[in-house]
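A.B. asks: I would like to see how this sequence folds:
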Amino acid sequence: MSDATGAAPVSPCAPAGRTSTNQHRQILGLLRRHRYRLWRTWELTEQLRNLSGTTDPACLNRWCAGERSRIPAFRNVVRGIEEHADAIAAAAELGLSHSRLEGINAKIRLSQRRGFGFYLYLGGVAL
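C.D. replies: Residues are numbered from 1 along each chain as shown. Next up is the predicted model:
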């Protein structure tokens with residue numbers, strides 16, 4: 001996934017006015033030459049980010065099959081994706097999210113933190 005200069009594609013999400021696409025390519029070219037592992041990590045992360053919008057499980061399977069990284073974190077990610085491939089595909093296809101559940105859990109934890117130290121005796125139940 002590189003262009004004619006050998007640099008990886010640049011994310012279109014870069015903030016406007018901070019650095020140009022040419023500067024990004026130069027920085028990525030330097031990273032690729034001098035800090036290959038860091039560059040490879042960035043490239044794999046961008047590839048996986050690009051796959052997050054797809055509902056086709058074959059794309060995710062191709063990324064996992066093609067990924068033979070020596071970076072331990074990516075091996076763990078690939079292993080997790082392979083173990084939960086059906087659930088990931090179903091969630092992407094159906095548009096499911098845990099956001100509502102996580103919001104409720106956050107409110108419960110917040111009320112527990114606010115209530116820490118206050119004890120109300122209700123038959124052995126302490127808040």
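
A.B. asks: and Ser97, helix, strand or coil?
C.D. replies: Assigned with DSSP: H, G, I helix; E, B strand; the rest coil, Ser97 falls in the coil class.

A.B. asks: ok, it to Gly103 distance?
C.D. replies: 10 Å (Cβ to Cβ, to the nearest Å). Just so you know, the C-beta spots here come from the backbone N, C-alpha and C atoms, and that holds for glycine as well.

A.B. asks: ok, now Pro57?
C.D. replies: In terms of Cβ to Cβ, Pro57 sits 28 Å off from Gly103.

A.B. asks: could you do Asp86 as well?
C.D. replies: 26 Å.

A.B. asks: cool, and Ala91?
C.D. replies: Separation of Ala91 from Gly103 (Cβ to Cβ) stands at 17 Å.

A.B. asks: again, but for Phe74
C.D. replies: Between Phe74 and Gly103 the computed distance is 30 Å (Cβ to Cβ).

A.B. asks: and those two? Which one has more around it.
C.D. replies: Phe74 (17 against 10; other Cβ atoms under 10 Å).

A.B. asks: ok, that one - contacts?
C.D. replies: Neighbour list for Phe74: Thr41, Leu44, Glu67 [criterion: Cβ atoms under 8 Å, 6 or more residues apart in numbering].
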